[in-house]
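Visitor: Based on what follows, work out the 3D shape:
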Amino acid sequence: MDVSSPFLVVEHVLFTLVAAIVLRIYIIHGSRGVLRLIVQFLRALPGVDRMIRLILAREVQSFVKQVSSSGGSDPGTVKNVVKIPEKGLSSEELLKTMADLKALETVTEDGKVFAYVYTTEDDHIHTLRKAFDMFNDPTDYENDAQTPSPRENMVTQFAHTFLHENALSPMVFPALRKMETEVVSMVADMLHGDADCSGGLTTGGTESILMAVKCYRDRARALMPDITEPEMVAPITIHPAFEKAAEYFNLTVRHAPLHSDYTVNLEEYEKLISRNTVMLAASAPSYPHGMLDPIEAIGKMAEKHNLPFHVDGCFGGFMLPWVEKLGYDVAPFDFRVPGVTSLSADVHKYGFGLKGSSVVVYRNAELRRHQIFVYSGWPGGLFGSPGFSGTRPGAYIAASWAALRSLGQDGYMDKARDLMKTTLAMEDAVRAIPGLDIVGKPTMTAFAIIATADGGIDVLALADAMETRDWHMERQQLPSTLHCTIMPHHIGKEHVFTKDLTESADEVRGKASLSSQGTAAMYGMVAKIPDRAVVDEFVLQFFDQVYRL
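Guide: Numbers count the residues shown, from 1 in each chain. Next up, the predicted model:
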C-alpha cells in the first residue's frame, strides 16, 4: 500500500478525527451520546428524516388508538369537514349532545385522576359559577335588549358543564378535543378552507397572532437557518399583537405606509421584503379604520417570494363571510386566495362566543406543526402543547362549539344583516354633520370618524363632548380619529347616536380652546411628541400605576 498517496493521508486524517470525536462523546456522554450522534447523522441523509417521520406517525396513530381504547372513550378525531349548520340547533338538540359529550369525559370525582383538575363539585365551584355569570357579558339578547336569549343561556350552560375540565390532556378529556377540532373545521370551512386545514383554539386574537408568528419563525429556522435576524412585513395599521409577537420571539416588523386614501401602499410593501423576511401579514379588516387590506395583491407577493402569509381576521373573520353573502362588496380575503397560508378569527367577537376564544387556522398540518411546542427531557414526562398556554379551560372550548352550533349560518346572516343596517345608518349620520367624515371605505361593521380640514372640529374634543353624554369613545392617532365598532347593543340606538353626535359637534365646532382641555389636551400632547420612545414610557407608566393596589 502506497502510504504516500495524498488520498490515503486524507482518509487516515479524517478517520482519526472522527474516531477522536466519537471517543470524546463516549467519554462525556456515554454510549447514549454515541447512539444519538449516529441517529443525527442518519437523519441528515437524503430521505431518511422523512422515513423516520412516517414511521413515527404510524406509531403515534397506534398509540392514540391504544390509549383511547383503554380509556373506553372516543378521542373525537374529525375525519371530514364539519360545517356550521345551516340552521342553528335547538336547545333540546344541544342539551342531548352535551350529555353525550360529557359522557366521553373521565369522571374526576371518582378520585382516580392525579393531574389536571383541582376543583370538585361543591359549594365552592357553585360560587365560581355565580361569579362567572356575574361578569360574563352576554352577546345575544331577547327583543327587550335586556334579557339574555335562550341561545345565550345555552352557551353559558355548556361553559358551566365543562368548567372543571382542562384541555391540557386530550386523552383524559376527549370531548374537549372533539369540540376543538370541530370548531377549527367549522371556521376553516367558513373561510373556504378544506379538509387539509389544521389549527387550534386560543385564548384570544393576540394568542392566535402570537402562534402564527411563532409558527413561521420556527418554520424559517428549519428551512432557512441562515436567517439570523428574521423580519415580517405588514401595513402600519396591523394590530399591535404583531409587535408584541416580534418582541417576544425576536423578530422585526417592517411597516408599509398608507396612501392618502388610507389604503396600503403596495409598492412600498413589496420593497420591504428582503432575504430576512420570514412572513407577510395583513388585516381583514384593519381595526383602526375597518378597511380590508388588499389580500389578493399581497397573496401574489407571498407566492412570488415563496413566503407564508397570515391574514389577521381576528376582528372580521366571523363577519366578512356573512357580509359577502348578503351581497356587499367584499374582496376575497381567505383561503380562496392561493398565497394565504393562515388566518385567525375571534369567536369572542362576531362569533358571539364567550370572552377568551379565538381560532388560528393553517392551510395544512405541515405548517401547523411548527406551532406546537414539545419537550422530551422533563422528569415529569413527555410534554407537548399546541399553543401558548399549557392549561386551557374547557369552558371556553365548549362554549365556542355551542355558539357556532346554536347560532348556525342563518343566525350569523341575521346578525350581519342587522348590524350592517345599523352601521350604514350611523355612517350616513356622521357624513351628514358638517366638519365630519368617515375614514376611507370601510368594509363591514366598523368605521372611524375624522374631522375635515375646514370643518373647525377637533375630534378629540368631540370625544370629550360625547362622553358627557355617557358614550365611551375610542380615540385613535396618526391621524386623530374616533373608532366605532358596531355591536348588537347598538341596534336601535342609531337615532340617539345621531342626536348626541350632532349636538356634540355643534358644541365644539370653532372652539379651539377645547383642544387644550380634558383628555383632548393629553392626546393632543402625546401626538406632538416626536420621539415615540417617550410616548412608550408614558404608556408603560400608565399601566404600571393602573394595576397597583
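Visitor: now stretch 493-500, how far from the centre of its chain.
Guide: With CA atoms, centre = their mean, to the nearest Å as the basis, stretch 493-500 stands 33 Å off its chain's centre.
Visitor: which outside residues touch that stretch?
Guide: Stretch 493-500 is contacted by residues 422, 425-426, 429, 466, 469, 471, 490 when judged by CB atoms under 8 Å, 6 or more residues apart in numbering. Yep, even glycine has a C-beta here, placed from its N, CA and C like the rest.
Visitor: residue ranges of the strands in this protein, please?
Guide: For the chain, applying DSSP state E gives strands covering 198-202, 231-235, 252-256, 277-283, 309-312, 342-346, 358-362, 373-375, 383-385, 436-438, 446-451, 474-476, 481-485.
Visitor: how many neighbours does His495 have?
Guide: Residue crowding around His495 was assessed by other CB atoms under 10 Å; the count is 10.
Visitor: repeat for Ile38
Guide: Counted with other CB under 10 Å, Ile38 comes out at 11.
Visitor: Who are the contact partners of it?
Guide: Applying CB under 8 Å, 6+ apart to Ile38 gives no contacts.
Visitor: And it, how close does it get to Val13?
Guide: As judged by CB to CB, to the nearest Å, Ile38 and Val13 stand 21 Å apart.
Visitor: one step back: could you dump the contacts of stretch 493-500 to a markdown table with distance to Thr252, pLDDT and neighbour count?
Guide: Output for the contacts of stretch 493-500, formatted as a markdown table (distance: CB to CB, whole Å; pLDDT from 0 to 100; neighbours: other CB atoms under 10 Å):
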| residue | distance to Thr252 | pLDDT | neighbour count |
| --- | --- | --- | --- |
| Thr422 | 40 | 97 | 20 |
| Ala425 | 42 | 97 | 16 |
| Met426 | 38 | 97 | 22 |
| Ala429 | 42 | 96 | 17 |
| Met466 | 38 | 95 | 23 |
| Arg469 | 43 | 95 | 14 |
| Trp471 | 38 | 95 | 17 |
| His490 | 38 | 93 | 19 |
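Visitor: Would you mind checking which of those residues is nearest to Val155?
Guide: Comparing the contacts of stretch 493-500 against Val155 with CB to CB places His490 closest, at 20.8 Å.
Visitor: ok, for that closest one, nearest residue in space, not its chain neighbours?
Guide: Setting aside the residues directly before and after it, His490 is nearest to Thr422 in space (CB to CB, 6 or more residues apart in numbering), at 5.6 Å.
Visitor: wouldn't that neighbour be in contact with His489 here?
Guide: No - using CB atoms under 8 Å, Thr422 makes no contact with His489, being 10.2 Å away.
Visitor: hang on, the earlier thing: ok, which of the strands of the chain comes nearest Ala416?
Guide: When the strands of the chain are compared for distance to Ala416 using CB to CB, the nearest one is strand 446-451, at 12.8 Å.
Visitor: Name the residues of stretch 207-223 that are buried.
Guide: By 16 or more other CB atoms under 10 Å, the buried positions in stretch 207-223 come out as 207-220.
Visitor: And stretch 94-111, by the same measure?
Guide: With burial defined by 16+ other CB under 10 Å, the residues of stretch 94-111 counted as buried are 94, 97-98, 101, 104-106, 108.
Visitor: Out of those, flag the one nearest to Glu152.
Guide: Once CB to CB is applied, the member of the buried residues of stretch 94-111 that ends up nearest Glu152 is Leu94, at 12.5 Å.
Visitor: Could you work out the end-to-end span of stretch 337-353 for me?
Guide: 27 Å (CA to CA, to the nearest Å).
Visitor: and that stretch, average pLDDT?
Guide: Averaging pLDDT along stretch 337-353 gives 96.
Visitor: Now do that stretch: distance to the chain's middle.
Guide: 7 Å.
Visitor: cool, stretch 184-199 as well?
Guide: Distance, centroid of stretch 184-199 to centroid of chain: 15 Å (CA atoms, centre = their mean).
Visitor: Need the residues that contact it.
Guide: Contacting residues not belonging to stretch 184-199 are listed as 78, 80-84, 200-201, 313, 317-318, 321, 334-336, 342-343, 345, 347, 359-365, 367-368, 404 [CB under 8 Å, 6+ apart].
Visitor: show me where the stretch 51-200 of the chain has helices.
Guide: Shown for the stretch 51-200 of the chain, the helices assigned by DSSP state H, counting those that start in this stretch span residues 91-104, 123-134, 150-161, 174-190.
Visitor: The third one packs against which elements?
Guide: Pointing back at helix 150-161 there. Contacts defined by 3 or more CB pairs under 8 Å, 6 or more residues apart in numbering; DSSP states H and E place helix 150-161 against helix 91-104, helix 123-134, helix 394-431.
Visitor: now the angle between helix 91-104 and that helix, please.
Guide: Going by axes from the mean of the first three to the mean of the last three CA atoms, to 10 degrees, helix 150-161 is angled at 10 degrees with respect to helix 91-104.
Visitor: in helix 150-161, what's buried?
Guide: The neighbour-count check on helix 150-161 (16+ other CB under 10 Å) flags 151-152, 154-161 as buried.
Visitor: what residues does it touch?
Guide: Helix 150-161 has contacts (CB under 8 Å, 6+ apart) with 88, 91, 94-95, 98, 102, 129, 132-133, 136, 138-141, 148, 353-354, 395-396, 398-399, 401-403, 406-407, 411.
Visitor: Equivalent analysis for stretch 84-104, please.
Guide: Here stretch 84-104 has contacts from 73-74, 76, 150-151, 154, 157-158, 161-162, 174-175, 178-179, 186, 189-190, 398, 402, 404-412, using CB under 8 Å, 6+ apart.
Visitor: Show me what the mean pLDDT comes to for that stretch.
Guide: Averaging pLDDT along stretch 84-104 yields 87.
Visitor: Could you do stretch 275-283 as well?
Guide: Across stretch 275-283, pLDDT averages out at 97.
Visitor: where does the stretch 301-450 of the chain dip in pLDDT?
Guide: For the stretch 301-450 of the chain, no stretch is flagged by pLDDT under 70.
Visitor: what sits against His255?
Guide: 234-236, 238, 272.
Visitor: and if we set it to 6 Å?
Guide: Ile236 (CB atoms under 6 Å, 6 or more residues apart in numbering).
Visitor: Relative to Phe383, how far out is it?
Guide: Distance of His255 to Phe383, given as CB to CB: 36 Å.
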